[in-house]
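J.: whatever this is, show me its structure:
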Amino acid sequence: MRRSMAYVCVLLLTRFSSPSVASQSVLGARPAAGHRAAEESTPPQALPSNGERRELPVDEYKKLRAQALANARVRLSPRVKNPGISQGGLDPVILSKLQKQRANLERPNPLISTPGATEGTAELTTYAMGDSSRPGKNPNPGLLAQSAASRSRNPKELASVPLCRAPMIRSVNGKSNGVVFTPLTQNNLYRIEGCFFGNVRGQLQLEPHPTVLGQSALPIILQIDDSVAAWTDNKIDAYLDPKLSGIPDYPVTLVIYPGRGQRMELPGCLFVAVRGEAQLLNVIPSAWVKLHATNAGLRSIKQLEYVSPPAIGSEAPRDAGETSAFVVRVDSHNFGAGRDTYDFSRLNPGWAVESVQLHTYAASCPGTVTTAQSLGRWDVAWGPRSFTVGWENDFCMSSLPPSFNFSLSFSEYAARVWVIGPVGTQPVTHRLLGLNP
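T.: Now for the predicted structure:
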């Protein structure tokens with residue numbers, strides 16, 4: 001009996017213990033899989049609150065900031081052309097004047113009006129003396145007539161030649177003032193109209209104003225055409241040496257020294273040189289630049305630097321070493337965006353900015369970034385003798401283990417500036433750069 005009861009107990013024990021072992025092997029895998037699923041679905045542990053996080057020690061912050069700036073990614077903008085100059089580097093106003101002068105020269109008999117010409121047929125209708133240009137009026141008997149040699153050589157032109165009181169220059173290519181002289185091939189022919197030039201060839205030259213450029217400047221000689229008709233008593237055809245170089249733009253007076261007779265002048269003219277190739281401006285003096293007054297809160301930002309030219313090995317990125325200027329702004333607080341102004345009104349005469357290209361840089365915070373935003377945008381806006389750079393500010397905040405804050409407000413760019421001007425001259429005077437001549 002006892003033996004039977006013992007068997008039953010053992011049997012019952014075996015019956016209920018076996019499923020338990022089997023169940024443990026199956027369920028033992030389920031808790032493991034469930035644990036992994038819980039790990040995947042559970043969000044990462046919340047970062048310490050602002051009150052719990054601390055600012056990095058100053059030395060550590062500077063180290064991380066330097067690394068962020070050193071690893072900044074460069075973005076190269078397109079090269080932006082200056083809309084205020086023509087393709088050849090000339091002011092559009094000057095180019096328009098040259099085109100008008102050439103058009104006047106190409107018109108049939110455009111330069112000396114007949115006494116009966118209607119208004120607008122030639123610019124010279126208003127330049128004649130007294131009432132001799134008005135229809136139906138007889139010339140003043142007191143006026144001096146052209147030389148007999150001039151009249152007899154071309155009788156057909158006699159009626160169209162205005163009478164003069166004295167030797168004078170009436171016009172150049174149809175203009176009596178504001179004449180532009182240039183060696184540019186397509187515009188380098190000048191028909192000078194006037195009275196009493198004589199029949200013996202003399203000399204023509206452009207004489208600069210005595211105070212131009214603050215120094216004495218040599219006159220520019222005009223060449224006279226070889227043809228017999230190039231110099232007459234009332235007309236001279238001339239041109240400039242197309243290889244003229246090393247002469248800047250400046251105001252001049254056209255002067256005629258006849259072979260026999262007195263000196264004649266036409267003031268208010270302008271010499272415009274042929275332009276050379278556009279060249280990179282290596283230095284932009286800091287006096288020409290007005291940086292945006294940048295503030296973070298109620299104080300100035302910690303770092304605002306302007307460098308020209310950027311030196312390789314300085315804080316400027318390596319690729320900024322071949323640019324004209326470099327600007328960096330850095331602070332731990334957000335300082336917004338703004339515009340920097342570059343004024344080129346002190347470039348040497350005839351020089352202008354041809355184009356600009358920006359190198360912009362993007363830095364990123366170390367650690368786990370919690371906030372990132374960009375304010376403003378990169379752009380270039382042109383003025384008559386200047387341009388402005390609209391700069392972007394990148395701001396980010398991050399968390400560093402175990403419980404530190406890091407924040408960075410950052411704007412950094414380099415500018416390549418190309419200038420163009422009179423061939424054989426320099427864009428900037430050495431004294432402005434602090435260099436020896």
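J.: give me the low-pLDDT residue ranges for the stretch 251-400 of the chain?
T.: Under the criterion pLDDT under 70, the flagged ranges of the stretch 251-400 of the chain are 312-315.
J.: so the residue lying closest to Arg385 once chain neighbours are set aside: helix, strand or coil?
T.: If the residues on either side of it in the chain are set aside, Arg385 comes closest to Ser345, at 4.3 Å by C-beta to C-beta, 6 or more residues apart in numbering. (Each C-beta comes from the backbone N, C-alpha and C, glycine too.) Here Ser345 is recorded as coil under DSSP: H, G, I helix; E, B strand; the rest coil.
J.: distance check, Ser345 against Gln262.
T.: Shown here: Ser345 relative to Gln262, a distance of 40 Å by C-beta to C-beta, to the nearest Å.
J.: circling back: quick check, the residue nearest to Arg385 in contact with Phe387.
T.: No - if you go by C-beta atoms under 8 Å, Ser345 and Phe387 don't touch, sitting 11.9 Å apart.
J.: more crowded one of the two?
T.: It is Phe387, of Ser345 and Phe387, that has more neighbours when counted by other C-beta atoms under 10 Å, with 21 against 9.
J.: what strands flank the strand or helix carrying the more buried one, and is each parallel or antiparallel?
T.: Using DSSP states H and E, Phe387 falls within strand 386-391. Note on strand 386-391: by DSSP bridges, its sheet partners are strand 338-343 (antiparallel), strand 379-382 (antiparallel).
J.: what's in contact with it?
T.: Taking contacts as C-beta atoms under 8 Å, 6 or more residues apart in numbering, the residues outside strand 386-391 that touch it are 82, 292, 327, 329, 337-345, 353, 356, 358, 360, 376-381, 411, 413, 415.
J.: buried subset of those?
T.: Those of the contacts of strand 386-391 that meet the buried threshold are 82, 292, 327, 329, 337-338, 340, 342-344, 353, 356, 358, 360, 380, 411, 413, 415, by 16 or more other C-beta atoms under 10 Å.
J.: and stretch 185-203, what's buried?
T.: Counting neighbours by 16+ other C-beta under 10 Å, the buried set in stretch 185-203 is 187-198, 202.
J.: ok, of these, which one's closest to Val179?
T.: Among the buried residues of stretch 185-203, Tyr190 lies closest to Val179 (C-beta to C-beta), at 8.0 Å.
J.: I'd say the closest one and Asp225 touch.
T.: No - counting by C-beta under 8 Å, Tyr190 sits too far from Asp225 to count as a contact (10.2 Å).
J.: which neighbours do those two share?
T.: Common neighbours of Tyr190 and Asp225 (criterion: C-beta under 8 Å, 6+ apart): Asp237, Ala238, Tyr239.
J.: turn those into TSV, columns for distance to Gly367 and secondary structure.
T.: TSV is the format used below for the shared contacts of Tyr190 and Asp225 (distance: C-beta to C-beta, whole Å; DSSP: H, G, I helix; E, B strand; the rest coil):
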residue	distance to Gly367	secondary structure
Asp237	78	strand
Ala238	75	strand
Tyr239	72	strand
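J.: so Leu254: helix, strand or coil?
T.: strand.
J.: can you pull out the strands in the stretch 51-200 of the chain?
T.: When secondary structure is read from DSSP state E, counting those that start in this stretch, the stretch 51-200 of the chain shows strands at 54-55, 73-76, 80-81, 168-172, 180-181, 190-195.
J.: now the helices for this structure?
T.: Remark: helices of the chain, listed N- to C-terminal, are 2-41, 58-70, 92-106, 148-153, 430-433; assignment by DSSP state H.
J.: quick one: neighbours of Ile236, just the number.
T.: The local packing of Ile236 (other C-beta under 10 Å) involves 25 other residues.
J.: buried ones in the strand holding Phe387?
T.: For strand 386-391, a neighbour-count test (16+ other C-beta under 10 Å) marks Ser386, Phe387, Thr388, Val389, Gly390, Trp391 as buried.
J.: okay, it in CSV with CA atoms only?
T.: What follows is strand 386-391 as a C-alpha-only set of coordinates in CSV (Å, rounded to 0.1, in the frame of the first residue of the first chain):
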residue,chain,number,x,y,z
SER,A,386,30.1,99.4,-54.5
PHE,A,387,28.5,96.0,-53.6
THR,A,388,27.1,94.5,-50.5
VAL,A,389,27.3,90.9,-49.2
GLY,A,390,24.3,89.5,-47.5
TRP,A,391,25.5,86.9,-45.1
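J.: how far out from the middle of the chain is that strand?
T.: Chain-centre distance of strand 386-391: 10 Å, with C-alpha atoms, centre = their mean, to the nearest Å.
J.: Gly194 pairs with what?
T.: Ile169.
J.: quick one: contacts for it?
T.: Contacts here follow C-beta under 8 Å, 6+ apart; on that basis Gly194 touches Cys164, Pro167, Met168, Ile169, Arg170, Ser171, Asn234, Lys235, Ile256, Met264.
J.: identify the farthest-apart pair in those residues.
T.: Checking those against each other with C-beta to C-beta, the farthest-apart pair comes out as Pro167 and Ser171, at 14.6 Å.
J.: the more surrounded of those two?
T.: Just comparing Pro167 and Ser171: by other C-beta under 10 Å the higher neighbour count belongs to Ser171, 21 against 18.
J.: how near is the more buried one to Glu322?
T.: Computed with C-beta to C-beta, the distance linking Ser171 and Glu322 is 50 Å.
J.: touching, Ser355 and Lys81? I think so.
T.: Yes - when contacts are counted by C-beta under 8 Å, Ser355 is listed as touching Lys81 (4.9 Å).
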